[in-house]
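>>> turn this into a model:
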Amino acid sequence: MARIPHYQMPSNVPPIAQLLHPDNARVLVAAHRGAWNWAPENSLPSIDEAIAHGADIVECDVRATSDHVLVLMHDETVDRTTTGTGALQALSWTQVRKARLKAGSGGPDATVTGMRVPTLSEALECARNRIAINIDTKVGVLAERVAQSVISAGMADQVFVKAAIERPEEVQAIRSSPFFGRVPFVPMMKTRRGQLASELQHLEALRCPMFEVEFADLADLESARDALARLQARLWVNTIEASHSPGFNDRRALADPDAVWGRLVDAGVGAIQTDAVATLVAYLAARGVR
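Model (predicted):
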């Protein structure tokens, strides 16, 4: 696969509040686990490649080692993406650092690289002033530690944290966090048919700039326009292969982008997470929303 020409990002990334605000007509592109088609997922080079391919946001998954070091890792175990074995929470940082990352999305047949698992701190430095970061906290209790790391790095205006919201008590837990209002929070929602607008209203107290939505009916997204306008927020939808919104995935989009990405844009979606970053960027640019 030939490499695309390097994309030159501005030297400074717009503050998250400005980037995510609905007044910004740009449809944002998020690189899922970095540009893992070109570098190991959740690696520093995958952040570089996301930038090179024109992404606005890079998504990074964060977990902790047994000695509480925050690292980039999607799975509970290190087996798929590294040469190591075992549950990450049972391994020390020294043990994890000895492992080597596997190419791409990993797996038993993937090529072993010379790269190592990065810490969250290293990832923040790699992205500083280059690209916005979406941190997906794979373990909810880590959200406060992640937020503290972001604030300590002086990057609260370049990062937002995501976590699943399923119960009312989770809303209260976020509101009572000492970091509420200091690092932007984006909830991940699995909406019920016909209920998205009311579900957004129930989360109004969180003052979210954006909502990640898994949906069953595109009409639900369209019906939420007024609620989103009042909340001054935008919708984020995944078209990655793991997407659970029926028919709206990268594989179909690569064959018929209008039927997937185009319909999402028409429905008012303001951010799309993809594994086909360069193709989506080019498509949106052709539509005049880049």
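>>> for the stretch 151-290 of the chain, which segments count as strands?
Ranges of strands within the stretch 151-290 of the chain are 159-164, 185-190, 210-214, 234-238, 269-274, based on DSSP state E, counting those that start in this stretch.
>>> would TSV of the ones you listed with mean pLDDT, mean neighbour count and distance to Lys138 be doable?
The C-beta positions use only the backbone N, C-alpha and C, and glycine is treated the same way. Converted to TSV, these look like this (pLDDT from 0 to 100; neighbours: other CB atoms under 10 Å; distance: least, CB to CB, whole Å):
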stretch	mean pLDDT	mean neighbour count	distance to Lys138
strand 159-164	92	21	9
strand 185-190	93	20	11
strand 210-214	96	23	14
strand 234-238	97	24	15
strand 269-274	98	24	16
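>>> Ala31: which of those strands is closest?
Ala31 lies closest, by CB to CB, to one member of those: strand 269-274, at 7.4 Å.
>>> how about CSV for the strands of the stretch 151-290 of the chain, with distance to Ser105 added?
Below are the strands of the stretch 151-290 of the chain laid out as CSV (distance: least, CB to CB, whole Å):
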stretch, distance to Ser105
strand 159-164, 20
strand 185-190, 21
strand 210-214, 21
strand 234-238, 16
strand 269-274, 14
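>>> just so I know, which of those lies nearest Arg130?
Closest approach to Arg130 among these is made by strand 159-164 (12.4 Å; CB to CB).
>>> how far away from the center of its chain is the longest strand anywhere in the chain?
Ranked by number of residues, the top strand in the chain under DSSP state E is strand 57-64. Centre-to-centre, strand 57-64 and its host chain are 7 Å apart (CA atoms, centre = their mean, to the nearest Å).
>>> that one pairs with which strands, and in what direction?
According to DSSP bridges, strand 57-64 forms sheet pairs with strand 28-31 (parallel), strand 70-72 (antiparallel), strand 132-137 (parallel).
>>> for those strands, which has the smallest mean pLDDT value?
The weakest mean pLDDT among the strands paired with strand 57-64 belongs to strand 132-137, with a mean of 95.
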